[in-house]
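> Next come a sequence and a model predicted from it.
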Amino acid sequence: MSELQKDFLFVLIKSLSTSEKRQFKLYVNRLGINVDAKFLLLFSELDKMKEYNEEIILEKKISSKQQLSNLKAHLYKQILVSLRLNPSHQNNRMQLREQLDFANILYQKGLHKQALKILDKAKQSALELDEKTIASEIIELEKVIESQFITRSIDGRADELIRQSSEISLQNRYATRLSNLSLKLYSEMLTHGYIKNDEDREKTIDFFDKKVTKIDLNKLNFTEKLWYYKAHVWKNQLLQDYKYTLKYAYQWVELFHQNPEMIKSHPVWYIKGNTYLFKILFLYGSIRGIEKSFEKFNNVVKSEIFVHNENSQSLIFLNYYNTLMNLYFIKGDFFKGTKLIPELELKMEKFRDKVDEHHLLILYLKIASMYFGSKNYQNTIKYGLKIINSKGNIQEDLLFHTRILILMAKFEAGFDDDYDDFVKNTLKFAKKMKNPSDLHFNIVNFFKQIGDKNSTEQMSAFKEFETKLEESEKNRYDKRTLMYIDIHGWIKSKVRNVDVIEIIKEKVKTK
């Protein structure tokens, strides 16, 4: 896997479908002069490999060590050109850019009226599809042609182009400001996690408010509204204001439902919007809300208006299985949920090269949690260790809560051999976290205490810790920690001597 990740060309070739490989070979042989081209021999050799091995290429004398880098770069470019010509990869944005390229060629040949005719049609399409960036490029080329040549195409042409250019420039400025804000908030969420104190909360609100002042939602077009809703979703996620996260995630999705033609142009953002909507509905325990929205989402992505490619398929995969698992969790159907795991693992393997590691580890955490709920503690530990032992830049919260789930499983299963060592290592991990809270240490110390106690003393410890957790649930900054793994529900089940499933069902009824 590490070798595969290192070589981009090998990864690209392995991602090609049978039809794409066939088209590539037809493309390079189109003039009958590339049959023995070295880059085609390299393509065939890499296609046969299961793992990238540079030594085989050198042994077969396809290329020398010194020339291999250039040969690989040339092959990479030829594959991309071939893919660009494939109808399955064509979309509105690419078609508009193609028209812009054609107009540029005609302009350079001195065929100015023909260039303007293509540009005018492309501009109308770009404006209808809300592709303002491309529309701006088209207008700039129109201005170049009109300012250099006397075309006499339309009376008042200069005034019209100036007006259009000014309007689009203003709209692009709004879109840029909102997209920058959205990206910054999303980056903060990934790198630093959720807001952990009042000072950070005030800083985030102040930063956000300064960026959105003087923006009138009613005057925004589709793309600007999309960025506006995204920025609000990520801001409220950071602040852990889930009521408003739900509000803006819903508006994000509804924006597409009100403009269904935009789903084809922006399939990724349609999927992402639904992902956040389902996630927040899960936190609210809204079974009916998830099922209703999930059904609508599945109908859309299976319809003719939806554009399917490897990227959208991988995102649909994540959305689909995360949501299914979440439904099993809030219904307490753990045993039913474990039956989904073999199918899920096959899909994970299929999309492993298309999905980032963090999202795959989240699925492993869900699998481990599902096994815990079904009392299969050995598998809980097995899948939890997959997360802990994985390499790469992994979120601290994910690693910490995986460790807590493993401790819960070790306690339930009576695995005493390395229990104390695991508690010590978890405490060391908590101390190394960037911003650990008192709750993090309270949880670890609780597991440290119950390890050496008899059953009566353990029950007292469970009751005492339940009181602490009830206090923590009142703290807005501790809420998120208790949402990762339902340790509070597990503690309650111990105190009341009932199955954790009963606690979950009671919680859903209350919500």
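Cool, the structure landed.
> how about the longest helix along the chain: buried residues?
Longest among the helix segments of the chain by residue count, using DSSP state H, is helix 157-192. Judged by neighbour count using 16 or more other CB atoms under 10 Å, the buried positions of helix 157-192 are 161, 164-165, 168, 171-172, 174-175, 177-179, 181-182, 185-186, 188-189. Quick note: C-beta positions are derived from backbone N, CA and C, even for glycine.
> cool, stretch 193-203 as well?
Buried, per 16+ other CB under 10 Å, within stretch 193-203: 193-196, 200-201.
> quick one: average pLDDT of the longest helix of the chain?
Mean pLDDT, helix 157-192: 77.
> Residues in contact with the next helix or strand after it: which ones?
Remark: after helix 157-192, the chain's next helix or strand is helix 198-212, criterion DSSP states H and E. Taking contacts as CB atoms under 8 Å, 6 or more residues apart in numbering, the residues outside helix 198-212 that touch it are 177-178, 180-181, 185, 188, 195, 228, 231, 235, 238-239.
> which residues touch stretch 470-486?
With contact meaning CB under 8 Å, 6+ apart, stretch 470-486 is reached by 194-197, 240, 283, 369, 397-398, 401, 404-405, 408, 437, 439-440, 442, 469, 488, 500, 504.
> Filter these down to the ones in helices?
Counting by DSSP H, these contribute 283, 369, 397-398, 401, 404-405, 408, 439-440, 442, 469, 488, 500, 504 to helices.
> Using ChimeraX, make a named selection holding only the buried ones among the residues you listed.
In ChimeraX, this line selects whichever of the ones in helices among the contacts of stretch 470-486 come out buried by 16+ other CB under 10 Å:
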select :283,369,398,401,404,405,408,439,440,469,488,500,504
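> any weak-confidence spans in the stretch 1-150 of the chain?
Low-confidence segments of the stretch 1-150 of the chain (pLDDT under 70): 1-6, 31-36, 87-90, 148-150.
> Pull the distance from stretch 294-304 to the chain's centre.
Here stretch 294-304 is found 19 Å from its chain centre; the criterion is CA atoms, centre = their mean, to the nearest Å.
> Which positions in that stretch come out as buried?
Burial within stretch 294-304, assessed by neighbour count using 16+ other CB under 10 Å, is assigned to 294, 297, 300-301.
> CA atoms of that stretch as PDB?
Coordinates of each C-alpha in stretch 294-304 appear next as PDB, following Å, rounded to 0.1, in the frame of the first residue of the first chain:
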ATOM      1  CA  PHE A 294     -31.900   9.400   3.300                       C
ATOM      2  CA  GLU A 295     -34.600   8.000   1.000                       C
ATOM      3  CA  LYS A 296     -34.800  11.300  -0.900                       C
ATOM      4  CA  PHE A 297     -31.000  11.400  -1.300                       C
ATOM      5  CA  ASN A 298     -30.800   7.800  -2.600                       C
ATOM      6  CA  ASN A 299     -33.600   8.600  -5.100                       C
ATOM      7  CA  VAL A 300     -31.600  11.600  -6.400                       C
ATOM      8  CA  VAL A 301     -28.200   9.800  -6.700                       C
ATOM      9  CA  LYS A 302     -29.900   6.900  -8.600                       C
ATOM     10  CA  SER A 303     -31.700   9.200 -11.000                       C
ATOM     11  CA  GLU A 304     -30.600  10.200 -14.500                       C
END
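> what comes into contact with that stretch?
Residues contacting stretch 294-304 (CB under 8 Å, 6+ apart): 257, 263, 270-271, 274, 278, 306, 312, 316, 319-320, 323, 327.
> Quick check: Y248 touching Q237?
No: contact criterion CB atoms under 8 Å: Y248 and Q237 do not qualify, at 9.7 Å.
> how deep is the residue found closest to I504 once you drop the neighbours it is linked to in the chain tucked in, by neighbour count?
Using CB to CB, 6 or more residues apart in numbering and skipping the chain neighbours, the partner closest in space to I504 is G332 (4.3 Å). Residues near G332, counting by other CB atoms under 10 Å, number 21.
> likewise V233?
Using other CB under 10 Å: V233 sits among 27 other residues.
> ok, now M370?
26.
> From what I see, it and F334 are in contact.
Yes: contact status for M370 versus F334: in contact at 5.7 Å, counting by CB under 8 Å.
> three-state assignment of D417?
Secondary structure, DSSP: H, G, I helix; E, B strand; the rest coil: D417 is coil.
> Quick check on it: phi, psi?
Main-chain torsions, D417, degrees, to the nearest 10: phi -50, psi -50.
> ok, now how distant is it from V268?
According to CB to CB, to the nearest Å, D417 stands 47 Å off from V268.
> likewise D206?
Distance from D206 to V268, by CB to CB: 31 Å.
> what sits up against stretch 183-194?
Under CB under 8 Å, 6+ apart, the answer for stretch 183-194 is 204, 208, 231, 234-235, 237-240, 395-397, 434-435, 477, 480.
> Most neighbours of all those, which one?
Those, ranked by neighbours (other CB under 10 Å): first place K235, 27 neighbours.
> ok, back up a step: make a markdown table from the contacts of stretch 294-304 and add distance to K428 and pLDDT to it.
Shown next, in a markdown table, are the contacts of stretch 294-304 (distance: CB to CB, whole Å; pLDDT from 0 to 100):
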| residue | distance to K428 | pLDDT |
| --- | --- | --- |
| H257 | 49 | 95 |
| I263 | 48 | 91 |
| Y270 | 43 | 95 |
| I271 | 39 | 95 |
| N274 | 39 | 96 |
| F278 | 36 | 96 |
| F306 | 48 | 87 |
| S312 | 42 | 88 |
| I316 | 39 | 95 |
| N319 | 36 | 95 |
| Y320 | 38 | 96 |
| T323 | 35 | 96 |
| L327 | 36 | 94 |
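> which one of those residues is nearest I381?
Checking these against I381 with CB to CB, the nearest one is L327 at 24.7 Å.
> The closest one contacts K292, correct?
No: L327 lies out of contact with K292 (CB under 8 Å); the separation is 11.9 Å.
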